[in-house]
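S.K.: the following comprises the amino acid sequence and a computationally predicted model.
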Amino acid sequence: MDISIFTAKYLKKTNPRIFKRIGLAQDIEELRGQLIDFTFNVEQQAVEEASSDDASLLARIRDCGFSFRTILKKGSEQAAGFSILQALWDIGHDLPRPELSPAFFADLLHLLLGMQGQALRKAPDAIHLTAVGSSGRKAAVKRSRQLDNLWDEVDRRMSAYPSGLEEKAILRRQARREKILSVLGGSLENWHDWRWQIRHIVRDLATLEKMVKLSGSQRNALKAAKENRLPFGITPHYLSLMDDEIGSKRDAAIRAQVLPPMSYVKEIAAVEDVSCLDFMGEEDTSPFDLVTRRYPAICILKPYNTCPQICVYCQRNWEIDDVMASGAFAGMEKVDAAVQWISDHPAIHEVLITGGDPLAMGNEALAAILAKVAEIPTVERIRIGSRTLVTMPMRITEGLAALISQYREPGRREVTIMTHVQHPYEVTPDTVAAVNKFRLRGIPVYNQLVYTYYASKRFEAAALRRLLRLIGIDPYYTFNTKGKDETLAYRTPIARLLQEQQEEARLLPGLARTDEAVFNVPRQGKSYLRDRGYRNFLTILPDGARVYEFHSWEKKVAQDTSTFITTDVPILHYLERLSKDGESVSDYETIWHYF
């Protein structure tokens with residue numbers, strides 16, 4: 001994409017009405033008032049001149065105007081430590097501002113143009129669904145034809161992302177499995193034994209390269225990770241999901257889950273105190289050992305502090321010593337004490353057992369923990385957080401499903417599985433079978449998607465939701481990637497997640513789009529992105545990064561709550577990356593107008 005147009009000169013050329021006011025204002029405070037008045041006047045004029053087809057345009061003008069007025073507030077400038085008003089004043093008076101980047105001008109340009117109603121590319125539904133100049137059956141037939149055309153495009157876009165259930169993918173994985181077994185010296189019977197999978201977790205680069213081809217950057221990053229003793233490991237099953245060829249777009253999300261980029265390795269290696277990686281501030285929300293509590297009626301219980309493999313962007317990496325590390329189980333004495341603490345707090349009606357991955361434990365230890373939690377009279381729901389349905393689906397045996405279902409008591413206590421399927425290509429027939437074992441015993445399975453770069457292309461997440469529903473998993477949450485420096489390569493602008501939710505997810509049938517987009521506020525918990533009342537768009541920094549202020553879920557129930565200010569990924573940088581990966585940036589053009 002051409003970024004050469006994103007300059008001060010082009011900004012002035014395309015916004016003459018605004019820069020005329022800048023030239024006439026006596027001082028910056030007078031300009032602040034004039035620009036605020038200007039936004040209201042533009043909105044009023046748009047309403048008066050709008051036709052019945054202009055609803056989306058009016059919404060864009062309204063949203064951009066509201067966001068611009070927020071930026072112009074003194075409080076926003078103070079909170080963000082930067083003044084766009086001052087930048088506009090300087091640009092209007094030809095004063096040098098060399099620190100202002102093309103990404104800054106790109107975002108500000110689209111904000112100002114959107115505020116003035118200058119149309120850009122429309123969302124997919126706005127392209128296909130136009131006003132029908134008739135009524136009755138005739139109108140219904142025309143509308144139905146438009147809906148057919150819209151869904152044809154949606155279906156075509158989703159089909160670009162192959163699932164692991166397609167015949168070619170199944171055959172590809174069978175060949176990969178045979179290759180891995182030959183290296184590890186195992187049999188097909190071994191492959192379906194979850195304990196064999198754990199014993200043969202691949203931890204070193206030399207063994208890994210015997211089974212999968214790596215790019216130079218992947219190899220160098222893994223070498224550096226091992227030199228710096230960073231946790232690393234991949235189950236043989238998950239390794240079989242990677243394609244033989246390097247650079248396959250199909251398995252990009254799978255490789256990104258477990259192969260850390262060099263940027264991540266360098267950031268982590270430079271850290272002296274790992275507690276500073278605790279983005280969610282769990283140390284500040286742990287009232288008792290093994291317990292995290294941020295909400296009135298639910299708490300987290302963490303009895304097991306490791307996993308069969310480590311997701312690079314996991315929020316609890318800072319706590320995990322190694323893949324399947326010895327001593328990861330806290331021990332029943334500490335578990336008993338934590339369960340007693342939960343029992344002493346009858347406000348808690350729901351317990352999420354996570355870690356680490358509790359299903360990586362043996363049945364005996366898991367049963368003991370579940371039994372103790374189930375004995376708490378006030379607990380009406382037990383959740384188990386596990387990614388083994390994807391990383392090691394053979395762990396979900398008939399015996400395990402039967403064990404967990406023992407603690408389900410209809411009308412008294414629900415037991416659910418919370419999993420994390422990241423991409424359609426992760427789903428295999430073994431995953432489907434694992435889910436079905438739970439569902440047949442009345443145990444629902446929910447998915448929590450992390451909206452990383454590798455799941456953020458147009459209709460990519462929608463394709464996942466559609467597939468999840470077909471295999472028996474309910475979409476539950478879509479998490480904005482956490483603003484951690486070490487996972488910058490995974491981060492996606494908040495605007496892209498908002499765009500995805502409002503332009504793509506909502507086109508799916510209701511049961512397939514039931515997840516909730518959230519931003520996790522450190523120490524406080526989830527802030528729902530659908531509700532603008534829980535965040536303020538403060539400004540655009542010189543490097544093009546947007547600054548947001550997030551409010552806690554407590555905002556409407558507590559008198560005094562702190563807010564969290566975060567710096568996002570510049571939209572232009574994200575679009576440039578998509579372009580390098582072969583995406584048509586014009587398909588994402590409306591991203592600029594989500595705040």
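M.R.: Received the coordinates, thanks.
S.K.: hmm, Thr416 is touching Tyr446, no?
M.R.: Yes - assessed by C-beta atoms under 8 Å, Thr416 is found in contact with Tyr446 at 6.4 Å. Just so you know, the C-beta spots here come from the backbone N, C-alpha and C atoms, and that holds for glycine as well.
S.K.: bridging residues for the residue nearest the centre of the chain?
M.R.: The residue lying closest to the centre of the chain (C-alpha atoms, centre = their mean) is Tyr451, at 2.2 Å. Note on Tyr451: beta-bridge partners Asn480, judged by DSSP bridges.
S.K.: tell me the contacts of it?
M.R.: Applying C-beta atoms under 8 Å, 6 or more residues apart in numbering to Tyr451 gives the contacts Ala461, Thr478, Phe479, Asn480, Thr481, Thr492, Arg496, Leu497, Glu500, Ala517.
S.K.: in the stretch 451-595 of the chain, where is pLDDT below threshold?
M.R.: Residue ranges of the stretch 451-595 of the chain with pLDDT under 70: 557-560.
S.K.: now do the chain
M.R.: For the chain (pLDDT under 70), the answer is 1, 52-53, 119-121, 273-281, 317-318, 557-560.
S.K.: how does it divide up, domain by domain?
M.R.: 8-119, 123-152, 167-269, 449-595 (automatic domain parsing).
S.K.: highest average neighbour count across those?
M.R.: Of the domains of the chain, the one with the most neighbours on average (mean count of other C-beta atoms under 10 Å) is domain 449-595, at a mean of 19.
S.K.: start to end distance for stretch 564-578?
M.R.: Length of stretch 564-578, first residue to last, C-alpha to C-alpha, to the nearest Å: 29 Å.
S.K.: now stretch 450-458
M.R.: End-to-end distance for stretch 450-458, by C-alpha to C-alpha: 15 Å.
S.K.: distance of Thr14 from Gly114?
M.R.: 12 Å (C-beta to C-beta, to the nearest Å).
S.K.: now for the nearest residue to Arg413 once chain neighbours are set aside, how many residues are close by?
M.R.: Nearest non-adjacent residue to Arg413, counting by C-beta to C-beta, 6 or more residues apart in numbering: Glu380, 5.7 Å away. Neighbours of Glu380 under the rule other C-beta atoms under 10 Å: 16.
S.K.: so Glu380 sits right up against Pro346, yeah?
M.R.: No - counting by C-beta under 8 Å, Glu380 does not reach Pro346; the two are 11.3 Å apart.
S.K.: on that earlier part again, tabulate the contacts of Tyr451 (TSV), appending distance to Ile404.
M.R.: Below are the contacts of Tyr451 laid out as TSV (distance: C-beta to C-beta, whole Å):
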residue	distance to Ile404
Ala461	28
Thr478	26
Phe479	25
Asn480	30
Thr481	30
Thr492	34
Arg496	36
Leu497	32
Glu500	33
Ala517	29
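S.K.: so which of the residues you listed are in strands?
M.R.: Counting by DSSP state E, the contacts of Tyr451 place Thr478, Phe479, Asn480, Ala517 in strands.
S.K.: quick one: the strands in the stretch 151-300 of the chain?
M.R.: Under the criterion DSSP state E, counting those that start in this stretch, the stretch 151-300 of the chain contains strands at 291-292, 298-304.
S.K.: Met211 is nearest to which of these?
M.R.: For those, the distance to Met211 is smallest for strand 298-304, at 27.5 Å, taking C-beta to C-beta.
S.K.: for the closest one, packing partners?
M.R.: strand 291-292, helix 332-343, strand 350-355, helix 363-374 (3 or more C-beta pairs under 8 Å, 6 or more residues apart in numbering; DSSP states H and E).
S.K.: and Thr7, which of these is closest to it?
M.R.: Nearest to Thr7, of all the helices and strands packed on strand 298-304, is strand 291-292, at 47.8 Å by C-beta to C-beta.
S.K.: what packs against that closest one?
M.R.: Using 3+ C-beta pairs under 8 Å, 6+ apart, strand 291-292 sits against strand 298-304, helix 332-343.
S.K.: can you say which of the ones you listed is nearest to Leu188?
M.R.: strand 298-304 (29.0 Å).
S.K.: okay, the angle between that closest one and strand 350-355?
M.R.: 30 degrees (axes from the mean of the first three to the mean of the last three C-alpha atoms, to 10 degrees).
S.K.: now do strand 298-304: everything it contacts.
M.R.: By C-beta under 8 Å, 6+ apart, strand 298-304 touches 290-293, 328-330, 334-335, 338-339, 342, 345, 348-358, 360-361, 365, 369, 373.
S.K.: alpha carbons of that strand, in PDB - could you do that?
M.R.: C-alpha atoms of strand 298-304 as PDB (Å, rounded to 0.1, in the frame of the first residue of the first chain):
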ATOM      1  CA  ILE A 298     -16.700 -16.700  40.700                       C
ATOM      2  CA  CYS A 299     -13.100 -17.500  41.400                       C
ATOM      3  CA  ILE A 300     -10.200 -19.300  39.800                       C
ATOM      4  CA  LEU A 301      -8.500 -22.300  41.300                       C
ATOM      5  CA  LYS A 302      -5.000 -23.200  40.000                       C
ATOM      6  CA  PRO A 303      -3.900 -26.500  41.400                       C
ATOM      7  CA  TYR A 304      -1.600 -27.500  38.500                       C
END
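S.K.: now it: how far from the chain's centre is it?
M.R.: Put simply, strand 298-304 sits 22 Å off its chain's centre (C-alpha atoms, centre = their mean, to the nearest Å).
S.K.: name the nearest of the contacts of Tyr451 relative to Val271.
M.R.: Thr481 (19.0 Å).
S.K.: helices along the stretch 51-200 of the chain, start to end?
M.R.: Assigned helices in the stretch 51-200 of the chain, in chain order: 55-72, 74-80, 84-92, 102-115, 124-128, 136-158, 167-184, 188-191, 194-199 (criterion: DSSP state H, counting those that start in this stretch).
S.K.: how big is the angle separating the first one from helix 84-92?
M.R.: The one in question is helix 55-72. Using the same axes, to 10 degrees: helix 55-72 against helix 84-92 is 90 degrees.
S.K.: what helices or strands is helix 55-72 leaning on?
M.R.: helix 28-49, helix 84-92, helix 102-115, strand 535-540.
S.K.: now render those as a markdown table, adding distance to Val585.
M.R.: What follows is the helices and strands packed on helix 55-72, written out as a markdown table (distance: least, C-beta to C-beta, whole Å):
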| stretch | distance to Val585 |
| --- | --- |
| helix 28-49 | 27 |
| helix 84-92 | 24 |
| helix 102-115 | 11 |
| strand 535-540 | 19 |
